[in-house]
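S.K.: I'll drop the sequence and a predicted model, then ask my questions.
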Amino acid sequence: MLLTAAYTLSKSMDQASDDDSVPLFNAAVYQYRNYAVSDYDRRHNFEVGFTAELPFGSGHLFLHDRGLANAIAGGWKINGVVSKFTGLPFTPTASSTSLNAAFNTQVANQVNPNVSTLGGIGKFVTYFDTTAFTPVTTAAFGNAGRNSLRGPGHGDLDLGISRTFPITEYTHLELRGEGFNVTNSPYFAVPGNNVSSSSFGHITSTFGSSADSRVIRVTGKLTF
(Lines give C-alpha, C1' and ligand atoms only; values in the text may rest on other atoms or scores of the structure.)
Protein backbone atom coordinates (compact mmCIF):
# COMPACT_ATOMS: atom_id res chain seq x y z
CA MET A 1 0.00 0.00 0.00
CA LEU A 2 1.21 3.50 -0.84
CA LEU A 3 -0.08 6.48 1.14
CA THR A 4 0.82 10.12 0.55
CA ALA A 5 -0.44 13.30 2.18
CA ALA A 6 0.11 17.01 1.59
CA TYR A 7 -0.99 20.10 3.46
CA THR A 8 -0.60 23.65 2.16
CA LEU A 9 -0.97 26.78 4.27
CA SER A 10 -1.04 29.85 2.05
CA LYS A 11 -2.08 33.47 1.91
CA SER A 12 -2.36 35.61 -1.21
CA MET A 13 -2.76 39.39 -0.88
CA ASP A 14 -3.50 42.02 -3.52
CA GLN A 15 -5.49 45.15 -4.33
CA ALA A 16 -7.28 43.62 -7.33
CA SER A 17 -7.15 39.93 -8.16
CA ASP A 18 -6.82 40.13 -11.96
CA ASP A 19 -6.07 42.62 -14.71
CA ASP A 20 -9.76 43.11 -15.47
CA SER A 21 -10.79 43.82 -11.88
CA VAL A 22 -11.80 47.31 -10.85
CA PRO A 23 -10.66 48.03 -7.28
CA LEU A 24 -13.50 48.50 -4.82
CA PHE A 25 -12.18 51.86 -3.69
CA ASN A 26 -10.84 54.19 -6.37
CA ALA A 27 -10.91 57.42 -4.39
CA ALA A 28 -7.25 58.24 -3.70
CA VAL A 29 -7.56 58.59 0.08
CA TYR A 30 -9.31 55.20 0.37
CA GLN A 31 -7.24 53.08 -2.00
CA TYR A 32 -5.34 51.53 0.90
CA ARG A 33 -8.54 49.66 1.79
CA ASN A 34 -8.23 47.56 -1.36
CA TYR A 35 -5.26 45.63 0.04
CA ALA A 36 -6.63 42.34 1.39
CA VAL A 37 -6.61 38.62 0.69
CA SER A 38 -7.11 37.75 -2.98
CA ASP A 39 -10.43 36.66 -4.38
CA TYR A 40 -8.94 33.19 -5.01
CA ASP A 41 -7.15 32.83 -1.65
CA ARG A 42 -7.54 29.43 0.01
CA ARG A 43 -5.90 29.35 3.42
CA HIS A 44 -5.86 25.58 3.97
CA ASN A 45 -5.60 22.77 1.45
CA PHE A 46 -5.28 19.12 2.54
CA GLU A 47 -4.86 16.18 0.15
CA VAL A 48 -4.43 12.45 0.85
CA GLY A 49 -3.73 9.92 -1.89
CA PHE A 50 -3.51 6.14 -1.64
CA THR A 51 -2.97 3.07 -3.79
CA ALA A 52 -3.45 -0.50 -2.58
CA GLU A 53 -4.05 -4.05 -3.80
CA LEU A 54 -7.27 -5.63 -2.59
CA PRO A 55 -6.58 -8.60 -0.26
CA PHE A 56 -8.11 -11.22 -2.58
CA GLY A 57 -6.60 -13.86 -4.82
CA SER A 58 -3.29 -15.70 -4.98
CA GLY A 59 -0.75 -14.51 -2.44
CA HIS A 60 -3.36 -12.60 -0.40
CA LEU A 61 -5.35 -13.21 2.74
CA PHE A 62 -8.73 -14.02 1.21
CA LEU A 63 -9.88 -16.25 -1.69
CA HIS A 64 -6.31 -17.38 -2.33
CA ASP A 65 -7.25 -20.93 -3.36
CA ARG A 66 -7.46 -21.64 -7.04
CA GLY A 67 -10.97 -21.45 -8.38
CA LEU A 68 -13.65 -19.19 -9.77
CA ALA A 69 -13.66 -16.79 -6.79
CA ASN A 70 -9.90 -16.33 -7.09
CA ALA A 71 -10.18 -15.69 -10.82
CA ILE A 72 -12.90 -13.06 -10.36
CA ALA A 73 -11.73 -11.23 -7.21
CA GLY A 74 -7.96 -11.50 -7.48
CA GLY A 75 -5.64 -8.90 -8.93
CA TRP A 76 -7.72 -5.76 -8.35
CA LYS A 77 -6.12 -2.52 -7.21
CA ILE A 78 -7.77 0.58 -5.78
CA ASN A 79 -6.59 4.16 -5.64
CA GLY A 80 -8.12 7.34 -4.32
CA VAL A 81 -7.68 10.98 -3.43
CA VAL A 82 -9.33 12.73 -0.49
CA SER A 83 -9.45 16.54 -0.82
CA LYS A 84 -10.42 19.16 1.72
CA PHE A 85 -9.93 22.93 1.37
CA THR A 86 -11.26 26.16 2.79
CA GLY A 87 -13.76 28.40 1.03
CA LEU A 88 -13.21 31.60 -0.93
CA PRO A 89 -13.33 35.08 0.61
CA PHE A 90 -15.99 37.65 -0.24
CA THR A 91 -16.94 41.22 0.64
CA PRO A 92 -20.18 42.29 2.36
CA THR A 93 -21.44 45.09 0.12
CA ALA A 94 -24.24 47.66 0.20
CA SER A 95 -26.58 48.95 -2.51
CA SER A 96 -24.43 52.01 -3.44
CA THR A 97 -27.54 54.13 -4.00
CA SER A 98 -26.38 56.69 -1.46
CA LEU A 99 -22.66 56.63 -2.31
CA ASN A 100 -22.74 58.95 -5.37
CA ALA A 101 -19.15 58.09 -6.37
CA ALA A 102 -18.63 56.54 -9.79
CA PHE A 103 -16.23 53.59 -10.14
CA ASN A 104 -16.40 52.93 -6.39
CA THR A 105 -18.14 50.22 -4.39
CA GLN A 106 -20.09 50.77 -1.23
CA VAL A 107 -19.56 48.12 1.42
CA ALA A 108 -21.76 47.33 4.42
CA ASN A 109 -21.30 48.85 7.84
CA GLN A 110 -19.95 46.25 10.25
CA VAL A 111 -21.42 46.89 13.70
CA ASN A 112 -20.08 43.75 15.40
CA PRO A 113 -16.34 43.03 15.14
CA ASN A 114 -16.94 39.29 15.63
CA VAL A 115 -19.01 37.70 12.87
CA SER A 116 -20.19 34.21 13.83
CA THR A 117 -20.26 31.48 11.19
CA LEU A 118 -23.63 29.74 11.60
CA GLY A 119 -23.21 27.31 8.71
CA GLY A 120 -26.78 27.43 7.41
CA ILE A 121 -27.44 26.32 3.83
CA GLY A 122 -30.62 27.35 2.03
CA LYS A 123 -32.94 30.32 1.71
CA PHE A 124 -34.46 29.97 5.18
CA VAL A 125 -31.21 30.03 7.19
CA THR A 126 -28.07 32.15 7.05
CA TYR A 127 -24.47 31.05 6.73
CA PHE A 128 -23.16 33.83 8.97
CA ASP A 129 -24.56 36.26 11.52
CA THR A 130 -26.14 38.92 9.32
CA THR A 131 -26.98 41.12 12.31
CA ALA A 132 -23.29 42.06 12.41
CA PHE A 133 -23.88 44.32 9.37
CA THR A 134 -26.19 47.19 8.52
CA PRO A 135 -26.92 49.06 5.28
CA VAL A 136 -25.30 52.40 4.51
CA THR A 137 -27.81 55.19 3.94
CA THR A 138 -25.45 58.16 3.67
CA ALA A 139 -22.80 59.24 1.15
CA ALA A 140 -20.19 56.98 2.74
CA PHE A 141 -18.20 53.93 1.69
CA GLY A 142 -19.09 51.77 4.71
CA ASN A 143 -16.54 50.25 7.05
CA ALA A 144 -16.55 46.53 6.20
CA GLY A 145 -13.27 45.20 4.84
CA ARG A 146 -12.66 43.79 1.39
CA ASN A 147 -12.82 39.97 1.41
CA SER A 148 -13.33 40.03 5.18
CA LEU A 149 -15.69 37.03 5.15
CA ARG A 150 -15.16 33.52 3.83
CA GLY A 151 -17.60 31.09 2.25
CA PRO A 152 -17.93 27.37 2.92
CA GLY A 153 -15.09 24.98 2.20
CA HIS A 154 -15.37 21.76 0.28
CA GLY A 155 -14.30 18.14 0.58
CA ASP A 156 -14.71 15.13 -1.69
CA LEU A 157 -13.38 11.69 -2.51
CA ASP A 158 -12.21 10.34 -5.88
CA LEU A 159 -11.87 6.55 -6.21
CA GLY A 160 -10.57 4.19 -8.85
CA ILE A 161 -10.39 0.41 -9.22
CA SER A 162 -8.44 -1.45 -11.90
CA ARG A 163 -7.20 -4.86 -12.96
CA THR A 164 -4.88 -6.08 -15.70
CA PHE A 165 -5.80 -9.28 -17.58
CA PRO A 166 -2.95 -11.02 -19.45
CA ILE A 167 -3.91 -12.25 -22.92
CA THR A 168 -0.57 -13.28 -24.40
CA GLU A 169 3.03 -12.77 -23.35
CA TYR A 170 3.06 -9.25 -24.82
CA THR A 171 -0.63 -8.38 -24.81
CA HIS A 172 -2.83 -7.47 -21.86
CA LEU A 173 -6.10 -5.71 -21.19
CA GLU A 174 -6.55 -3.20 -18.37
CA LEU A 175 -10.06 -2.49 -17.08
CA ARG A 176 -10.58 0.58 -14.92
CA GLY A 177 -13.54 2.08 -13.13
CA GLU A 178 -13.29 5.63 -11.78
CA GLY A 179 -15.56 7.72 -9.63
CA PHE A 180 -15.01 11.46 -9.24
CA ASN A 181 -16.63 13.03 -6.17
CA VAL A 182 -18.12 9.63 -5.33
CA THR A 183 -19.66 11.10 -2.17
CA ASN A 184 -21.56 13.55 -4.43
CA SER A 185 -20.65 16.34 -2.01
CA PRO A 186 -22.06 19.70 -3.17
CA TYR A 187 -19.65 22.60 -3.50
CA PHE A 188 -21.66 25.54 -2.26
CA ALA A 189 -21.16 29.08 -3.53
CA VAL A 190 -20.51 32.04 -1.24
CA PRO A 191 -23.56 33.52 0.49
CA GLY A 192 -25.47 36.51 -0.82
CA ASN A 193 -23.22 39.46 0.04
CA ASN A 194 -25.40 42.55 -0.43
CA VAL A 195 -26.68 43.76 2.94
CA SER A 196 -29.55 45.54 1.19
CA SER A 197 -30.81 42.30 -0.42
CA SER A 198 -33.28 39.79 1.01
CA SER A 199 -30.78 37.04 0.12
CA PHE A 200 -28.03 38.51 2.32
CA GLY A 201 -26.25 35.69 4.12
CA HIS A 202 -28.16 32.92 2.32
CA ILE A 203 -26.50 30.19 0.23
CA THR A 204 -28.85 29.12 -2.54
CA SER A 205 -26.52 27.85 -5.28
CA THR A 206 -23.38 25.84 -5.94
CA PHE A 207 -20.13 26.62 -7.72
CA GLY A 208 -19.32 25.33 -11.17
CA SER A 209 -21.41 23.08 -13.38
CA SER A 210 -22.61 19.49 -13.52
CA ALA A 211 -18.94 18.48 -13.89
CA ASP A 212 -18.58 19.09 -10.14
CA SER A 213 -21.22 16.44 -9.36
CA ARG A 214 -20.48 12.73 -9.07
CA VAL A 215 -19.09 11.27 -12.29
CA ILE A 216 -18.52 7.55 -12.85
CA ARG A 217 -16.77 6.12 -15.89
CA VAL A 218 -15.48 2.74 -17.04
CA THR A 219 -12.60 2.41 -19.48
CA GLY A 220 -10.52 -0.32 -21.07
CA LYS A 221 -6.97 -0.20 -22.45
CA LEU A 222 -5.42 -2.87 -24.68
CA THR A 223 -1.63 -2.95 -24.68
CA PHE A 224 0.23 -5.02 -27.30
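M.R.: Everything's here; your move. Residues are numbered from 1 along each chain as shown.
S.K.: so where do the strands sit in this protein?
M.R.: For the chain, the strands defined by DSSP state E cover 2-9, 13-14, 36-37, 44-53, 77-85, 89-90, 109-110, 133-134, 149-150, 154-166, 172-180, 215-223.
S.K.: Which strands and helices lie in contact with the longest one?
M.R.: It stands for strand 154-166. Counting contacts by 3 or more Cβ pairs under 8 Å, 6 or more residues apart in numbering; DSSP states H and E, strand 154-166 packs against strand 77-85, strand 172-180. C-beta: built from backbone N, CA, C; applies to glycine.
S.K.: show me what contacts the residue nearest the centre of the chain?
M.R.: When Cα atoms, centre = their mean is applied to the chain, the residue found nearest the centroid is residue 154 (4.1 Å). Listed by Cβ atoms under 8 Å, 6 or more residues apart in numbering, the contact set of residue 154 reads 83-85, 87, 185, 187-188.
S.K.: Narrow those residues to just the buried residues.
M.R.: When the contacts of residue 154 are checked for burial by 16 or more other Cβ atoms under 10 Å, the buried set is 83, 85, 87, 187-188.
S.K.: The residue nearest to residue 145 when sequence neighbours are not counted: neighbouring residues, count only.
M.R.: The spatial neighbour of residue 145 that comes closest, neighbours along the chain excluded (Cβ to Cβ, 6 or more residues apart in numbering), is residue 36 at 6.1 Å. Residue 36 is surrounded by 18 other residues when neighbours are defined as other Cβ atoms under 10 Å.
S.K.: so residue 36 touches residue 146, yeah?
M.R.: Yes: with the criterion set as Cβ atoms under 8 Å, residue 36 and residue 146 qualify as a contacting pair; they are 4.2 Å apart.
S.K.: hmm, back to that, mind pulling the model confidence for the residue nearest to the centre of the chain?
M.R.: Each residue has a pLDDT score; the one for residue 154 is 93.
S.K.: again, but for the one 5 residues further on
M.R.: Looking at residue 159, its pLDDT stands at 96.
S.K.: and it, what does it touch?
M.R.: Applying Cβ under 8 Å, 6+ apart, the residues near residue 159 are 78-80, 178-179, 182.
S.K.: Whichever of those residues end up buried, select them in ChimeraX.
M.R.: Buried subset of those, written as a ChimeraX selection, criterion 16+ other Cβ under 10 Å:
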select :79,80,178,179,182
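S.K.: Just confirm residue 11 contacts residue 45, I think it does.
M.R.: No: between residue 11 and residue 45 there is no contact under Cβ under 8 Å: 11.8 Å.
S.K.: So between those two, which is more surrounded?
M.R.: Set side by side, residue 11 and residue 45 show more neighbours around residue 45, with 15 against 9, by other Cβ under 10 Å.
S.K.: so where's this structure shaky on pLDDT?
M.R.: Residue ranges of the chain with pLDDT under 70: 59-61, 63-64, 69-71, 208-212.
S.K.: try 90
M.R.: Residue ranges of the chain with pLDDT under 90: 1, 17-22, 54-75, 96-97, 100-103, 164-170, 207-214, 224.
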